[in-house]
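**Q** one predicted model, sequence on top.
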Amino acid sequence: GNHWGYSKENGPDVWHKNYPVALGSRQSPIDIPRQVSHDPSLGPIVLDYDHCTSINISNNGHSVVVNFDDTDDRSVIHGGPLENPYRLKQFHFHWGGKGCDGSEHTVAGNSYASELHLVHWNAVKYQSFDQAATAPDGLAVVGIFLETGDDHRWLHTITDAMYMVKYKGSVTDFKGFNPKCLLPSNLHFWTYLGSLTTPPLHESVTWILLKEPIVVSEKQLGKFRLVLFTGEEEDQRLRMENNFRTPQPLKGRRIRSSN
Ligand SMILES: C[C@H](CNC(=O)c1ccc(S(N)(=O)=O)cc1)Cn1ccc2ccccc21
Ligand SMILES: [Zn+2]
């Protein structure tokens, strides 16, 4: 059927037809204004990824996703706005086309080349990711902006693996990757209550956006665009690019800033 995507016919402007929550009161992404209220009660965000276990990397037809073993609390984030530790489930990216920006959140109206999402779920309160994904305090996503400049020294492990998942539905082993190597030097952040940025657009995400972008090269970003939206058996070959939703109305929400 008319599965959702990022083209004119099935993209963000028509998602509300099958997912009415798209017009809801806590949708993501958003634009982060120049002035955000500083909340001194916000402690630092802590990412305990030392024993994380990556499993595989896959092309789900919307992004490239690195999946983790989330059967115990071996890799969690806590602190910041979070009342519980949240378990790392997967990370994935959103990006633009050649020379076009592709982040989802924007800062004072400015986009970045790409945005990395580290997706976590509240395993203290919920029994599974799918159950947490529909709860207002179920998920915590750490967003990291990517800007272009020099090569990122560790991103090649991911871009090399992307060759193996060119087609929608492909998956390949991807063990021993620790996403700590993708973090910027400081963890200052903005935080607000929002949603998944793709259907089903559940309003279940506490967003934690790191202020400092990481730097990747145009060449590395170019390798993201060798991935396809389409499957090997399809006659159409659609390059995976511009897989981002644009900023949504704030609807009175408060955005808080750490230090
Ligand atoms: C949500 C889940 C599929 N989607 C995601 O896991 C997901 C994660 C993060 C983002 S982002 N870009 O905001 O970081 C977007 C989507 C499947 N799933 C679980 C329950 C459930 C119910 C109906 C349909 C699908 C369902
Ligand atoms: Zn995402």
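**A** That came through fine. Ligands and ions are numbered 1, 2, ... in the order given.
**Q** up against ligand 1, what does the stretch 1-150 of the chain have?
**A** Counting by Cβ under 6 Å from any ligand atom, the stretch 1-150 of the chain comes close to ligand 1 at His117, Val119, Asp130, Ala133, Thr134, Val141. All C-beta atoms are positioned from the backbone trio N, CA, C, and that covers glycine.
**Q** how about the closest residue to Pro184 other than its chain neighbours, what does it touch?
**A** Ranked by Cβ to Cβ, 6 or more residues apart in numbering and with sequence neighbours excluded, the top spatial neighbour of Pro184 is Glu212, at 3.8 Å. Taking Cβ atoms under 8 Å, 6 or more residues apart in numbering as the criterion, Glu212 is in contact with Pro184, Ser185, Asn186, His188.
**Q** in those, find the pair that's most separated.
**A** Largest separation among the contacts of Glu212 by Cβ to Cβ: Ser185 and His188, giving 10.2 Å.
**Q** the helix or strand containing His78 pairs with which strands, parallel or anti?
**A** Using DSSP states H and E, His78 sits in strand 76-79. For strand 76-79, the paired strands and their directions (DSSP bridges) are strand 45-48 (antiparallel), strand 86-95 (antiparallel).
**Q** quick check: which of the ones you listed is buried the most?
**A** Highest mean neighbour count among those (mean count of other Cβ atoms under 10 Å): strand 86-95, with a mean of 25.
**Q** what's the distance between it and the middle of its chain?
**A** 5 Å (Cα atoms, centre = their mean, to the nearest Å).
**Q** what is the helix or strand following it packed up against?
**A** Sequence-wise, the next helix or strand downstream of strand 86-95 (DSSP H and E) is strand 106-107. Applying 3 or more Cβ pairs under 8 Å, 6 or more residues apart in numbering; DSSP states H and E, we find strand 106-107 packed against strand 31-32.
**Q** mind giving me the packing neighbours of the helix or strand bottoming out on mean pLDDT in the chain?
**A** Counting by mean pLDDT, DSSP states H and E, the chain has its least confident helix or strand at strand 37-38, which shows a mean of 92. Strand 37-38 makes packing contacts with strand 256-257 when contacts are defined by 3+ Cβ pairs under 8 Å, 6+ apart.
**Q** got the strands paired with strand 76-79 as JSON lines, with mean pLDDT columns?
**A** Converted to JSON lines, the strands paired with strand 76-79 look like this (pLDDT from 0 to 100):
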{"stretch": "strand 45-48", "mean pLDDT": "97"}
{"stretch": "strand 86-95", "mean pLDDT": "98"}
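**Q** compare the ones you listed and report which one is nearest to His16.
**A** Among these, strand 86-95 comes nearest to His16, with 19.5 Å by Cβ to Cβ.
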